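1. my questions concern the predicted model and sequence given below.
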Amino acid sequence: MSIQPLHMKGCRHDILGHYLKGIGLLRVLSACADTDDCDPEAEGWWDMENAWFCLRSEKYPTMEKIIEFFEKHYRPTPIMAAWNKEAGATEETAKAFSVSFEWEIAAGYSSEVVSAAYKKKPANGLKRSSRTRAPDYFGRMLTVLGS
């Protein structure tokens, strides 16, 4: 028996925010929970005739099951803000949420953020050593994202 797709009428293909919402929904179902609760076989496509996103999932075939997934199993992707002066969390918090590696990368970049006043200083006063560390962090991050 074929599973009928769910029609996500609030996820249109012609509005950027709705488009991203549809793609995000598919990603969340397939990757943002424990392995037992994810559905990597979930499928999504755009119904261009009706301008909405269609979603088919064997594990979450009804809207009620999707709501249950968000209530019980959804784990948001950790946010580490490398562009701020602080990474967005303490090292202890990162360990508690099992995101120590991401925290280390963000903390490494955030330690290199300088204030506007510091940027106005003559170029001779700027540190140059930070540029040698960035590719190393970037390479490690790409290794994690690729796996």
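-> The structure has been received and is ready for your questions. Numbering: from 1, shown residues only.
2. in the chain, where is pLDDT below threshold?
-> 1, 78-89, 97, 99, 101, 103, 105-147 (pLDDT under 70).
3. quick one, what contacts residue 35?
-> The contact partners of residue 35, by CB atoms under 8 Å, 6 or more residues apart in numbering, come to none. The way it works is simple: take the backbone N, C-alpha and C, and place the C-beta from them, glycine included.
4. ok, now how distant is it from residue 75?
-> According to CB to CB, to the nearest Å, residue 35 and residue 75 sit 11 Å apart.
5. same question for residue 66.
-> Separation of residue 66 from residue 75 (CB to CB): 15 Å.
6. those two: who's more crowded?
-> Ranked by neighbour count (other CB atoms under 10 Å), residue 66 and residue 75 place residue 66 first, with 21 against 14.
7. show me how the chain divides into domains.
-> 6-72, 91-146 (automatic domain parsing).
8. against residue 95, how distant is residue 28?
-> 24 Å.
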